[in-house]
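Chemist: Fold the following for me, if possible:
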Amino acid sequence: MFLTKLKNGCDYVYFTDINGQRNKTSTRTKSKTEAKQFLISFQTTFGTRKKEKLEPLTLKQFRWKFLKHS
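Modeler: Coordinates of the predicted model:
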């Protein structure tokens, strides 16, 4: 996760999502200090969202967990 400034003058946060693809989001500011504050808050919220995301299961894994549970 890192900050960069584009030609339009706005700062953007580049990050890798859960699927492994690189994405960017705007900080909606041209100030470096405000962009850094946005990055810190974005890291904490992104980390919690990433932990809450359920991992996909194959049919074999689901069957095994279901049998263990029942």
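
Chemist: Pull the residues that contact the host helix or strand of K60.
Modeler: For K60, the host element (DSSP states H and E) is helix 59-69. Here helix 59-69 makes contact (Cβ atoms under 8 Å, 6 or more residues apart in numbering) with L57. The C-beta positions use only the backbone N, C-alpha and C, and glycine is treated the same way.

Chemist: tell me how far that helix is from the chain's mean position?
Modeler: 29 Å (Cα atoms, centre = their mean, to the nearest Å).

Chemist: What mean pLDDT does that helix get?
Modeler: Mean pLDDT, computed over helix 59-69, is 91.

Chemist: in that helix, what's buried?
Modeler: Neighbour counts using 16 or more other Cβ atoms under 10 Å place no residue of helix 59-69 among the buried ones.

Chemist: Remind me what the host helix or strand of Q37 packs against, helices and strands.
Modeler: Per DSSP H and E, Q37 falls inside helix 32-52. Judged by 3 or more Cβ pairs under 8 Å, 6 or more residues apart in numbering; DSSP states H and E, helix 32-52 is in contact with strand 2-5, strand 11-16.

Chemist: Who are the packing partners of the shortest one?
Modeler: Okay, so that is strand 2-5. For strand 2-5, the packing partners by 3+ Cβ pairs under 8 Å, 6+ apart come out as strand 11-16, helix 32-52.

Chemist: Tabulate these in CSV, adding columns for mean neighbour count.
Modeler: Output for the helices and strands packed on strand 2-5, formatted as CSV (neighbours: other Cβ atoms under 10 Å):
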stretch, mean neighbour count
strand 11-16, 16
helix 32-52, 12
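
Chemist: Nearest to R22 among those would be which one?
Modeler: Smallest distance to R22 across the helices and strands packed on strand 2-5 (Cβ to Cβ): 5.6 Å, for strand 11-16.
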